[in-house]
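*Asks:* Take a look and give me a structure for this.
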Amino acid sequence: IIDLMMLVVDVVKGMQTQTAECLLIGQLTCSRMIVILNKTDLLPTDKRQSAIDKMTKRMHKTLENT
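*Replies:* Residues are numbered from 1 along each chain as shown. Model (predicted):
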């Protein structure tokens with residue numbers, strides 16, 4: 001039994017095949033998930049917040065369908 005899943009996503013590379021696979025596993029095995037955006041420090045400072053917002057919206061949209 002998995003109580004909580006923590007999914008770490010590389011914000012520079014975005015959603016990869018393995019990200020989708022992990023989302024599917026999470027959908028089948030647990031009801032709660034924390035998504036962590038990793039490598040935000042590698043983004044240019046002036047574009048960092050917009051990239052984080054974009055990835056956050058994409059993750060919300062993806063998770064709505066699960």
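*Asks:* any low-confidence regions in this protein?
*Replies:* Applying pLDDT under 70 to the chain flags residues 66.
*Asks:* which stretches of it form strands?
*Replies:* 5-10, 33-38 (DSSP state E).
*Asks:* The last one to strand 5-10, inter-axis angle?
*Replies:* For strand 33-38 against strand 5-10, the angle between stretch directions is 20 degrees (axes from the mean of the first three to the mean of the last three Cα atoms, to 10 degrees).
*Asks:* Any buried residues in strand 33-38, and which?
*Replies:* The neighbour-count check on strand 33-38 (16 or more other Cβ atoms under 10 Å) flags Met33, Val35, Leu37 as buried. Glycine gets a C-beta too; all of them are placed from N, C-alpha and C.
*Asks:* same check, this time on stretch 50-57
*Replies:* Those would be Ala51, Met55, for stretch 50-57 by 16+ other Cβ under 10 Å.
*Asks:* ok, and what's touching that stretch?
*Replies:* Under the contact criterion Cβ atoms under 8 Å, 6 or more residues apart in numbering, stretch 50-57 has outside partners Val9, Val11, Gly14, Leu37, Thr40, Leu43.
*Asks:* Write the ChimeraX selection for whichever of those are buried.
*Replies:* Listed next is the ChimeraX selection for buried residues among those, using 16+ other Cβ under 10 Å:
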select :9,11,37,43
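*Asks:* Can you tell me which of the contacts of stretch 50-57 is nearest Gly26?
*Replies:* Checking the contacts of stretch 50-57 against Gly26 by Cβ to Cβ gives Val9 as the nearest, at 12.3 Å.
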